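Chemist: generate a structure from the sequence data that follows.
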Amino acid sequence: MFLDTSRYAKLKAVQVTTKSGRTVAAVKLRRLPATPGDAAQLKGNDRLDTIAKNRYNDATRFWHIADANSELDSRTLVKPKGIEDLNPPIRVIQVPAQ
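Modeler: You can find the predicted model right below:
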């Protein structure tokens, strides 16, 4: 169902019934462990997959970076947050060593 490198690969699938009565397969939400990392300032068009490629030599490990930060949606993580009056806006995220 998922790639071996996916954060969901080892999670157990469950059957869930939607509001419309349809039964679908899903995975349970994972509890995220505290993940130490190095602060990284995002610049311009930085993306988590390119950061992962540079850090781990594997772009599919972008989710390690997403998990080390508080955003639930990795696309939101690379958007500037908080300091809109700076040009360009600055965003600092945590990038785990592994």
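Chemist: quick one, phi psi at residue 55?
Modeler: Residue 55 has phi and psi values of phi -80, psi -50 when expressed as degrees, to the nearest 10.
Chemist: who are the neighbours in contact with it?
Modeler: 65, 95 (CB atoms under 8 Å, 6 or more residues apart in numbering). Heads up, the C-betas are built off the backbone N, CA and C, glycines and all.
Chemist: per-domain residue ranges of this structure.
Modeler: 1-31, 36-96 (automatic domain parsing).
Chemist: going by mean pLDDT, which of those domains comes out lowest?
Modeler: Lowest mean pLDDT within those: domain 36-96, a mean of 77.
Chemist: and the end-to-end length of that domain?
Modeler: Domain 36-96 stretches 6 Å from its first residue to its last (CA to CA, to the nearest Å).
Chemist: now do stretch 22-42
Modeler: With CA to CA as the measure, the first residue of stretch 22-42 is 41 Å from its last.
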